[in-house]
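> Give me the fold of what follows.
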Amino acid sequence: MTLRLKILNATKWAGGITLFTGVMTFLFGIMSDSIPVIGIGIGTIVGAVMFFLMGMFFIATEEMVENTVKGIEITPNKNRNGLYLVK
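Now for the predicted structure:
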């Protein structure tokens, strides 16, 4: 549990700092009327959101893998000619 909290905190801080940088870049581009800087700011904001979502995905995946029941072998049903049954 502590490892997931560490990953969550790292993701939160890195995403927050990147988001803050993107917002500041975007606002600077708006104030200076520079189209390329506005694009870089928007890209940085989207990158921060994607970074945060990927971190949340990794945490959720780790949680699901840890909580699944392991060791149950599932064998498919076969009919007489060797093809799988479709239900």
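
> Let me see the contact set for the residue nearest to the spatial centre of the chain.
Nearest to the geometric centre of the chain sits Met54, at 1.4 Å (C-alpha atoms, centre = their mean). Applying C-beta atoms under 8 Å, 6 or more residues apart in numbering to Met54 gives no contacts. Using the backbone N, CA and C atoms, a C-beta is placed for each residue, glycine as well.

> And the pLDDT for it?
The confidence metric pLDDT takes the value 94 at Met54.

> mind checking how far it is from Glu62?
Distance, Met54 to Glu62, by C-beta to C-beta, to the nearest Å: 13 Å.

> can you check Ile35 too?
Taking C-beta to C-beta, one finds Ile35 at 41 Å from Glu62.

> Between the two, point out the one with more neighbours.
Legend: neighbour count by other C-beta atoms under 10 Å for Ile35 and Glu62, higher for Glu62 (13 against 8).

> In space, what's closest to the more buried one - neighbours in sequence excluded?
What sits nearest to Glu62 in space, not counting adjacent residues and going by C-beta to C-beta, 6 or more residues apart in numbering, is Arg4, at 6.4 Å.

> Let's verify the one you found: helix, strand, or coil?
helix (DSSP: H, G, I helix; E, B strand; the rest coil).

> So it is in contact with Ala60, correct?
No: Arg4 is beyond contact range of Ala60, at 9.6 Å (criterion: C-beta atoms under 8 Å).

> Between those two, which is the more surrounded one?
For Arg4 versus Ala60, neighbours defined as other C-beta under 10 Å are more numerous around Arg4 (14 against 11).

> Check the more buried one and give its pLDDT.
For Arg4, the pLDDT comes out at 82.

> Thanks a lot, see you next time.
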